[in-house]
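[1] Coordinates for the following, if possible.
(4 chains)
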2 protein chains.
Amino acid sequence: MQTADAPLNSHAAPSIALLRGPAPTRKAHEASALGSVRRLVKDEEVFVEGDRAAFYYKVQSGAVRTFKLLSDGRRQIDAFHLPGDIFGMEPGEEHRFSAEAVGDATIVSYRRSNLGALDQDDGDVPTQMMSAVLLSLVRAQNHMLLLGRKNAVEKIATFLLDLSGRTANNDQIDLPMSRTDIADHLGLTIETVSRSLTQLERQGVIELPAHRRFIVLRNRPALERLDM
Amino acid sequence: MQTADAPLNSHAAPSIALLRGPAPTRKAHEASALGSVRRLVKDEEVFVEGDRAAFYYKVQSGAVRTFKLLSDGRRQIDAFHLPGDIFGMEPGEEHRFSAEAVGDATIVSYRRSNLGALDQDDGDVPTQMMSAVLLSLVRAQNHMLLLGRKNAVEKIATFLLDLSGRTANNDQIDLPMSRTDIADHLGLTIETVSRSLTQLERQGVIELPAHRRFIVLRNRPALERLDM
DNA sequence: CGTGTGTTTGAACCACTTCAACCCAAGTGG
DNA sequence: CCACTTGGGTTGAAGTGGTTCAAACACACG
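    Numbers count the residues shown, from 1 in each chain, chains lettered A, B, ... in the order given. As a prediction, the model looks like this:
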């Protein structure tokens, strides 16, 4: 059930959710003065739970998953981080979870000590950091509602809407992650994810082209009804 | 299934998780210069999802629950806030969830604008706020693992250990909240909470005195084994 | 004491999981 | 080219942990 695949190297830094609202303007792919860029292959780890958290990161391209494991291997992916998102912020000295590239990806790492970096120009860094962390918290809170109180189809609906909102490709979603990743994010099994998707397809709410990493939203209002 | 109890008044302020690690030293019950104290009766609301978030709060005595509702009334309590904990921090202009007193309680409210307040003396405010928010995030992340991947007994075990760690009354836990609250926090029904507790009691792991708001931990290692 | 709120317990049910095939597209190499 | 493998993904059938529905407790309170 786990995706403990191909660990290659190992940096260090904590984790948060995402940053989009507060520090949007600047495009994600500029190397940002003080950060060093790092290229990751599919499933490569960025850091592991327990590592010293010397850096935090910003996704430049691709996607990163942050997750926790139970001793017997059960996995919970707390968030997927897309281009522009910041992750790896920690309150203490070490990482509270692990981070891996979902597919090939590039990230920028910032030394935790010099909290400078990110978007130099606009705005004081502390405010920016605070915004990023608060946004992560909001996402986490929404996700707790999903995990604790929604059924399988509702979970999928919420997930699709969230993803479509973050990738912006009007009603076309190009999933960066596998069904297994989705399952471990939504607190389901891979089979239930698959069944829920086909159910939504049978109802004409979505479309699942042959290319299984693609989903088309056919009836957004129906999804939104499932979301509330 | 819901616990839509007795809303009384309505302030305004957002919500976060808790603060304990970073700003511990000072005792919770000092009124803290700039904050105004507020006395709450059981189930009284502090603010409702959608309210303008003009304040944030610190619990002085009692307990506060923050939660979200689905349109059909399903409820997810994202956190219980105990004395010393800060809640109601928001990234935007309005509250992302609601807050109510669990039992009678007193809280201190701080204007969001003058981020001064809290523990004047030790430490810059931004750092303190950041710590509080990051701590909330850590708690949320742990809770996502619980909600998404743990079974009923494991959820209860984790909950009891967490609570005992936060109230510090060595192995004696005085629950501030009802079974319904616990259920809505752990993503279970009240019946499953009850059954899991009696199961743990039958196994000699805990003790449930007649006073149903009391629990004694009899075998902490056993609980910790369920927790990992 | 009766009434009420919160909790426990029982029994039937069901949404999701588990186990097991099977499918399908993309390599690999003979 | 054509086996053969490999890594997702889907589908079916059976099992089950937790829910739902219902009833009995139990203590607190006027």
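
[2] residue closest to the middle of chain A?
    residue A:80 (1.1 Å; Cα atoms, centre = their mean).

[3] Remind me which helix or strand that residue belongs to.
    For residue A:80, the element it lies in under DSSP states H and E is strand A:75-81.

[4] What of residue A:180?
    Short version: residue A:180 belongs to helix A:179-186, going by DSSP H and E.

[5] Of all the residues in the very next helix or strand once past that helix, which ones are buried?
    Where DSSP H and E defines the elements, the next helix or strand beyond helix A:179-186 is helix A:190-202. For helix A:190-202, burial by neighbour count (16 or more other Cβ atoms under 10 Å in any protein chain shown) applies to A:192, A:193, A:194, A:196, A:197, A:200. (Each C-beta comes from the backbone N, C-alpha and C, glycine too.)

[6] Of these, just say which sits nearest to residue B:47.
    residue A:196 (34.6 Å; Cβ to Cβ).

[7] Look up how far DNA strand C lies from the closest one.
    Distance of residue A:196 to DNA strand C, given as Cβ to the nearest atom of the strand, to the nearest Å: 7 Å.

[8] Pretty sure that residue sits against residue A:153.
    Yes. The criterion here is Cβ atoms under 8 Å, and residue A:196 meets it with residue A:153 at 5.0 Å.

[9] Turn the buried residues of helix A:190-202 into CSV, including distance to chain B and pLDDT.
    Formatted as CSV, the buried residues of helix A:190-202 follow (distance: Cβ to the nearest Cβ, whole Å; pLDDT from 0 to 100):
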residue, distance to chain B, pLDDT
A:192, 13, 98
A:193, 13, 98
A:194, 18, 98
A:196, 16, 98
A:197, 19, 98
A:200, 19, 98
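
[10] any idea which of those residues is the one closest to DNA strand D?
    Set against DNA strand D, the nearest of the buried residues of helix A:190-202 by Cβ to the nearest atom of the strand is residue A:194 (3.3 Å).

[11] Who does the strand holding residue A:80 pair with, and is each partner parallel or antiparallel?
    strand A:64-69 (antiparallel) (DSSP bridges).

[12] Mind listing residues that contact the partner strand?
    A:2, A:15, A:40, A:46, A:49, A:57, A:75-81, A:85, A:87-88, A:96-102, A:105, A:107, A:177, A:181, A:184-185, B:141-142, B:144-145 (Cβ atoms under 8 Å, 6 or more residues apart in numbering or on different chains).

[13] what about burial for those, which qualify?
    A:15, A:40, A:46, A:57, A:75-81, A:85, A:87-88, A:96-102, A:105, A:107, A:177, A:181, A:184-185, B:141-142, B:144-145.

[14] Quick one: check the helix or strand hosting residue A:106 for contact with chain B.
    Using DSSP H and E, residue A:106 sits in strand A:105-111. No. Strand A:105-111 lies out of reach of chain B by Cβ under 8 Å from any Cβ of the partner chain, never closer than 15.5 Å.

[15] same deal with stretch A:172-182?
    No. Stretch A:172-182 lies out of reach of chain B by Cβ under 8 Å from any Cβ, never closer than 12.0 Å.

[16] ends of that stretch, how far apart?
    17 Å (Cα to Cα, to the nearest Å).

[17] From residue A:166, how far off is the nearest residue to residue A:219 once chain neighbours are set aside?
    The shortest distance from residue A:219 to any non-neighbouring residue, by Cβ to Cβ, 6 or more residues apart in numbering or on different chains, is to residue A:205 (4.6 Å). Per Cβ to Cβ, to the nearest Å, residue A:205 is found 19 Å from residue A:166.

[18] more crowded one of these two?
    residue A:205 (22 against 16; other Cβ atoms under 10 Å in any protein chain shown).

[19] Go through chain A and flag its longest helix.
    When chain A is parsed with DSSP state H, its longest helix is helix A:125-149.

[20] how about the next helix or strand after it, does it reach DNA strand D?
    The helix or strand immediately downstream of helix A:125-149 is helix A:152-167, counting by DSSP H and E. No. Helix A:152-167 stays clear of DNA strand D (Cβ under 7 Å from any atom of the strand), getting no nearer than 10.8 Å.

[21] Give the pairing partners of the helix or strand following helix A:152-167; include direction for each.
    For helix A:152-167, the succeeding helix or strand toward the C-terminus, using DSSP H and E, is strand A:172-174. Here strand A:172-174 is paired, per DSSP bridges, with strand A:214-217 (antiparallel).

[22] Can you report how many residues neighbour the nearest residue to residue A:213 once chain neighbours are set aside?
    Nearest residue to residue A:213 in three dimensions, chain neighbours excluded: residue A:175, at 4.7 Å (Cβ to Cβ, 6+ apart). By the measure other Cβ under 10 Å, the count of residues near residue A:175 is 21.

[23] Then residue A:93?
    With other Cβ under 10 Å as criterion, residue A:93 counts 12.

[24] Which pLDDT value belongs to it?
    Predicted confidence (pLDDT) for residue A:93: 92.

[25] how near is it to residue B:128?
    18 Å.

[26] Quick check: which ranges of chain A have low pLDDT?
    A:1-33, A:114-126 (pLDDT under 70).

[27] Would you mind listing what in chain A touches DNA strand D?
    A:178-180, A:190-191, A:193-195, A:197-198, A:208, A:212-213.
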